[in-house]
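Trainee: just coords:
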């Protein structure tokens with residue numbers, strides 16, 4: 001596998017994390033640099049861990065993984081997005097979220113990296129794939145994309161107020177639906 005191919009895979013895998021990071025920035029527009037870095041590390045970590053797990057599980061379990069990954073992503077992202085929409089509609093404008101609960105961040109990390117598990121399974125079928133190097137590269141690209149996404153969302157979240165949280169929730173729901181539809185009808 002060439003570096004260009006690996007880069008394209010990494011960017012493709014990081015797009016869900018990027019979009020969720022935008023939502024996080026919209027939801028918590030008072031995040032500090034340390035918290036933004038933590039979001040990037042979480043998403044990058046899961047995006048690097050999942051292909052590694054998938055690689056070692058190998059082809060034997062591919063059908064089981066791909067049979068349920070889209071349901072898991074739809075449920076997790078739909079729930080998180082629904083909660084954000086509810087909060088946006090019921091919250092007073094002066095109430096601001098200054099951080100994300102760790103449980104929410106970990107749930108988002110898992111939900112956005114499930115497809116990376118299947119990529120790891122496909123890596124197992126390819127000759128000469130250094131899974132550790134590939135996983136670290138994917139993690140790094142996702143970390144950078146996630147930090148950029150949070151900063152982008154934070155910028156617009158400060159400008160848009162509770163409408164930003166509503167938009168962030170709708171984005172998460174849309175990502176869950178997109179993953180579900182892609183796997184159900186286009187794979």
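Mentor: Cool, the structure landed. Note that the coordinates shown come from a computational prediction; the quantities given were computed from them, not determined experimentally. Numbers count the residues shown, from 1 in each chain.

Trainee: same question for stretch 33-48, mean pLDDT?
Mentor: Average pLDDT, stretch 33-48: 95.

Trainee: check which residues of the lowest-mean-pLDDT helix or strand in the chain are buried.
Mentor: Every helix and strand of the chain was ranked by mean pLDDT, DSSP states H and E. The lowest is helix 62-90, at a mean of 76. Of the residues in helix 62-90, 62, 65-66, 69-70, 73-74, 76-78, 80-81, 84-85, 87-88 count as buried by neighbour count, 16 or more other Cβ atoms under 10 Å. C-beta: built from backbone N, CA, C; applies to glycine.

Trainee: what's the answer for stretch 3-11, then?
Mentor: 6, 9, 10.

Trainee: ok, the nearest residue to the second one once chain neighbours are set aside to residue 146 distance?
Mentor: In this case it means residue 9. Residue nearest to residue 9 in three dimensions, not counting chain neighbours: residue 119, with 6.5 Å by Cβ to Cβ, 6 or more residues apart in numbering. According to Cβ to Cβ, to the nearest Å, residue 119 stands 17 Å off from residue 146.

Trainee: more neighbours: which of those two?
Mentor: Using other Cβ atoms under 10 Å, the more surrounded residue of residue 119 and residue 146 is residue 146, with 30 against 21.

Trainee: tell me which element the more buried one falls in.
Mentor: helix 131-160 (DSSP states H and E).

Trainee: how about the residue nearest to residue 9, phi and psi?
Mentor: Reported as degrees, to the nearest 10, the phi and psi values for residue 119 are phi -60, psi -40.

Trainee: and it, what does it touch?
Mentor: 9, 13, 50, 51, 54 (Cβ atoms under 8 Å, 6 or more residues apart in numbering).

Trainee: just these now: which is nearest residue 131?
Mentor: Using Cβ to Cβ, residue 51 comes nearest to residue 131 of the contacts of residue 119, at 6.9 Å.

Trainee: which parts of the helix or strand the closest one falls within are buried?
Mentor: Using DSSP H and E, residue 51 falls within helix 33-57. Buried residues in helix 33-57, counting neighbours by 16+ other Cβ under 10 Å, are found at 35-36, 38-55, 57.

Trainee: equivalent analysis for stretch 135-143, please.
Mentor: 135, 137, 138, 139, 140, 141, 142, 143.

Trainee: now for residue 111: which residues touch it?
Mentor: Contacts of residue 111 (Cβ under 8 Å, 6+ apart): 20, 72, 73, 76, 77, 80, 176.

Trainee: which pair of the residues you listed spans the longest distance?
Mentor: 20 and 72 (14.6 Å).

Trainee: how near is residue 173 to residue 83?
Mentor: 10 Å.
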